[in-house]
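# give me coordinates for this.
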Amino acid sequence: MKGAPERVMNFCFAPGDAERKYWSEQAEGRAQNGMRVLGLACRVVSNDFNFTDHPLQDAKEGSSERFHMTSLLGIIDPPRPEAILAVADAQAAGIVVKMITGDHPITALAIGKTLGLQVPQNRAITGTELDEIMIRSMAELDSVVVNNDVFARTTPEHKLRIVESLRRQGYVCSMTGDGVNDAPALKAANIGVAMGITGTEVAKDAANMVITDDNFATIVDAIRIGRCTYANLIKIIAFVLPTNGGQAFSIIGALIIDVEIPITALQILWVNMITSVTLGIVLAFDKPDRTVLSEAPRRSNKPIFGKLLTWRVSLVTVFLILAVLGMYRWENYRGHSPDYLRTVCVNTLVTAQVGYIFNCRNLRTATDAEGIFLGNFWLYVGIATIAMCQVLFTYAPGFQYTFQTRGLDAESWVKIAIMAVAVFCAVEVDKMVNALRRRYGCCVSADPDSLFDAVLIMGAAGTALPRNPSAHSLHSHHSHRSSRSRAHSHSQR
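Residues are numbered from 1 along each chain as shown. Model (predicted):
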């Protein structure tokens with residue numbers, strides 16, 4: 001016979017047997033070292049003995065049907081080093097990681113401590129305790145589930161109840177698993193994630209997605225990429241909308257102050273096709289910010305247009321309007337033709353966008369040297385492409401005929417550069433003001449939860465979706481374990 005030591009000993013020793021205490025101490029000592037402990041026992045029977053006619057019963061004093069305890073087998077299966085680092089990264093990102101395992105509570109506690117999980121009472125919560133708590137009060141169950149991260153000796157029903165408890169309390173919950181017994185919890189979670197190598201077909205069918213390398217670190221990497229994707233989406237919106245607003249309201253403003261329209265319809269099309277699209281696309285290639293995993297998850301019902309984004313779009317739109325109309329009036333004093341003035345306005349708008357795109361690489365913190373010179377090769381390719389296009393737009397005869405443009409002199413280019421730098425500096429000042437407001441608790445225009453909103457990696461491996469105020473990632477013990485021990489029984493899950 002083989003199995004959990006405490007169950008095997010029930011068939012070997014009567015209650016109060018002194019030898020049982022010895023074996024129990026040996027099993028607990030190995031479990032405290034993070035070993036999976038397996039009990040082995042034997043019993044001599046006749047050749048014609050049939051266990052169907054003689055079901056197993058707990059040992060009794062003086063019984064001849066008792067098994068004999070022969071040995072304990074300790075299996076060393078430590079967490080992967082990358083898994084320990086991944087759990088720390090997930091916790092820094094505001095994601096609560098919980099371990100649900102079928103192992104012995106002492107083993108689970110040792111592994112949980114190695115992983116840095118929360119064990120407030122210095123012990124793992126067992127499935128038996130969960131059953132007793134569910135009988136007493138569901139509110140108590142909810143409290144225990146939230147405040148403890150290590151659960152041992154659990155059954156499929158316990159995993160399901162833990163997931164349901166978290167979802168009932170408003171958490172966005174992810175569950176990872178590989179066995180048939182994980183399928184109910186995988187199905188009940190917001191995001192069920194099955195293991196691709198060791199996972200059963202039942203688990204894969206019940207899950208929303210599959211991790212192909214069975215590595216928890218892959219999940220955290222996907223979280224990083226997902227947050228970067230969402231942040232880049234916000235950057236693109238913050239970049240494109242002020243451009244469109246600046247074009248539209250510049251024309252409206254020109255009509256109000258009774259001057260010539262500063263940009264024609266064909267020139268607007270040029271700006272949208274060349275500048276907005278080109279720079280907007282290259283922003284999507286921005287690498288994850290080094291602090292992306294230190295940001296707290298946003299509320300799941302948080303709109304994309306938070307206070308920060310709405311304020312920034314409105315503010316930059318005003319800056320672009322002032323820059324375009326200001327350059328129009330400034331150059332108009334020099335007595336240039338309407339076509340020359342419109343050429344100045346288009347180049348002012350495009351150059352201001354080039355400056356503003358560096359503001360957009362981080363919407364909340366000040367733009368440093370890395371934000372200007374490093375991190376996105378394609379950004380500089382895009383800027384160089386736009387510069388060449390604008391030279392053609394301004395000086396090439398064919399473009400001049402099509403877009404009604406004129407060549408600009410050096411003084412006009414200096415003024416255009418000044419306007420672009422002014423827009424860049426004005427946005428940086430706004431960032432500094434918002435940073436001071438956040439520091440002293442009186443932030444009005446910036447909303448910390450409106451930028452890094454969610455872990456949107458459902459197409460990659462996104463099992464850690466945020467909740468309010470943080471997220472839970474539930475995973476069975478095997479997802480952290482060494483790849484050397486892939487075969488395991490349901491009791492180990």
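
# any low-confidence regions in the protein?
Scanning the chain for pLDDT under 70 picks out 16, 51-64, 369-371, 373, 441-493.

# domains of it?
Domain assignment of the chain by automatic domain parsing yields the ranges 2-76, 81-208+463-492, 222-439.

# what number of residues lie near residue 104?
24 (other CB atoms under 10 Å). Every residue, glycine included, has its C-beta placed from N, CA and C.

# surely it touches residue 152?
Yes. Counting by CB atoms under 8 Å, residue 104 does reach residue 152; the two are 6.5 Å apart.

# helices or strands up against whichever strand or helix holds residue 282?
Using DSSP states H and E, residue 282 falls within helix 277-283. Using 3 or more CB pairs under 8 Å, 6 or more residues apart in numbering; DSSP states H and E, the elements in contact with helix 277-283 are helix 216-257, helix 338-360, helix 377-395.

# how far off centre is it?
Centroid separation between helix 277-283 and its chain, computed with CA atoms, centre = their mean, to the nearest Å, is 24 Å.

# what lies in contact with that helix?
With CB atoms under 8 Å, 6 or more residues apart in numbering as the test, helix 277-283 has contacts from 232, 235-236, 239-240, 353-354, 357, 360-361, 376, 378-379, 381-383, 385-386.

# write the PyMOL selection for whichever of the residues you listed are buried.
The buried residues among the contacts of helix 277-283 can be selected in PyMOL (16 or more other CB atoms under 10 Å) with this line:
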select buried, resi 232+235+236+239+240+353+354+357+360+361+376+379+382+383+386
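
# could I get the domains of the chain as JSON lines with distance to residue 215?
Output for the domains of the chain, formatted as JSON lines (distance: least, CB to CB, whole Å):
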{"stretch": "domain 2-76", "distance to residue 215": "19"}
{"stretch": "domain 81-208+463-492", "distance to residue 215": "7"}
{"stretch": "domain 222-439", "distance to residue 215": "11"}
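
# go through those and pick out the most buried.
Among the domains of the chain, ranked by average contacts under mean count of other CB atoms under 10 Å, first place goes to domain 81-208+463-492 (a mean of 20).

# run the chain-centre distance for that one.
With CA atoms, centre = their mean, you get 18 Å for domain 81-208+463-492.

# now swap in stretch 435-442 and tell me
The answer for stretch 435-442 is 26 Å, by CA atoms, centre = their mean.

# backbone phi and psi for residue 175, please?
When read as degrees, to the nearest 10, the backbone of residue 175 gives phi -130, psi 130.

# cool, and residue 152?
Torsion angles at residue 152 (phi, psi; degrees, to the nearest 10) stand at phi -130, psi 160.

# confirm for me that it is in contact with residue 107.
Yes. At 7.4 Å, residue 152 counts as touching residue 107 under the criterion of CB under 8 Å.

# does the closest residue to residue 345 other than its chain neighbours count as helix, strand or coil?
In this structure, residue 345 finds its nearest non-sequential neighbour in residue 262, 4.1 Å apart by CB to CB, 6 or more residues apart in numbering. Under DSSP: H, G, I helix; E, B strand; the rest coil, residue 262 falls in the coil class.

# same check on residue 210?
With three-state DSSP as the basis, residue 210 sits in strand.

# my read: residue 92 touches residue 295, true?
No. Checked against CB under 8 Å, the pair residue 92 and residue 295 is beyond contact range at 9.5 Å.

# roughly how far apart are the closest residue to residue 413 other than its chain neighbours and residue 162?
Distances taken as CB to CB, 6+ apart place residue 347 nearest to residue 413, at 7.9 Å, with adjacent residues excluded. Per CB to CB, to the nearest Å, residue 347 is found 61 Å from residue 162.

# so who does the residue nearest to residue 413 touch?
Counting by CB under 8 Å, 6+ apart, residue 347 makes contact with 390, 394, 408, 413, 416.

# residues contacting the third one?
So the one you mean is residue 408. Contacts here follow CB under 8 Å, 6+ apart; on that basis residue 408 touches 340, 343-344, 347, 394, 416.

# repeat that for 6 Å
Residue 408 makes contact with residue 394 under the criterion CB atoms under 6 Å, 6 or more residues apart in numbering.

# mind listing the strands for the stretch 1-150 of the chain?
Listed in chain order, the strands of the stretch 1-150 of the chain (DSSP state E, counting those that start in this stretch) span residues 2-3, 35-42, 68-76, 95-100, 125-126, 150-152.

# just put those in JSON lines and tack on distance to residue 267.
Shown next, in JSON lines, are the strands of the stretch 1-150 of the chain (distance: least, CB to CB, whole Å):
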{"stretch": "strand 2-3", "distance to residue 267": "79"}
{"stretch": "strand 35-42", "distance to residue 267": "71"}
{"stretch": "strand 68-76", "distance to residue 267": "71"}
{"stretch": "strand 95-100", "distance to residue 267": "48"}
{"stretch": "strand 125-126", "distance to residue 267": "67"}
{"stretch": "strand 150-152", "distance to residue 267": "64"}
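
# quick one, which of these gets closest to residue 291.
strand 95-100 (15.4 Å; CB to CB).

# report all helices and strands that the closest one contacts.
Packed against strand 95-100 by the contact rule (3 or more CB pairs under 6 Å, 6 or more residues apart in numbering; DSSP states H and E) you find strand 471-476.

# now residue 28: how far from residue 121?
To residue 121, residue 28 is 17 Å away according to CB to CB.

# again with residue 134
18 Å.

# give me the phi and psi angles of residue 159.
Residue 159 adopts backbone torsions of phi -60, psi -40, taken as degrees, to the nearest 10.

# ok, it - contacts?
Going by CB under 6 Å, 6+ apart, residue 159 touches 100, 185.

# ditto for residue 411
Going by CB under 6 Å, 6+ apart, the list of residues near residue 411 is empty.

# what about it, is that helix, strand or coil?
Note that with three-state DSSP, the state of residue 411 is helix.

# centroid-nearest residue for this structure?
For the chain, the residue nearest the mean C-alpha position is residue 223 (3.1 Å; CA atoms, centre = their mean).

# so can I have TSV of the helices and strands packed on helix 277-283 showing distance to residue 178?
Compiled in TSV, these are given as follows (distance: least, CB to CB, whole Å):
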stretch	distance to residue 178
helix 216-257	12
helix 338-360	42
helix 377-395	39
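
# and residue 118, how far is that from residue 150?
Counting by CB to CB - residue 118 and residue 150 are separated by 8 Å.

# repeat for residue 261
Distance of residue 261 to residue 150, given as CB to CB: 68 Å.

# distance of residue 48 from residue 220?
57 Å.

# please apply the same query to residue 79.
14 Å.

# and these two? which has more neighbours close in?
residue 220 (27 against 21).
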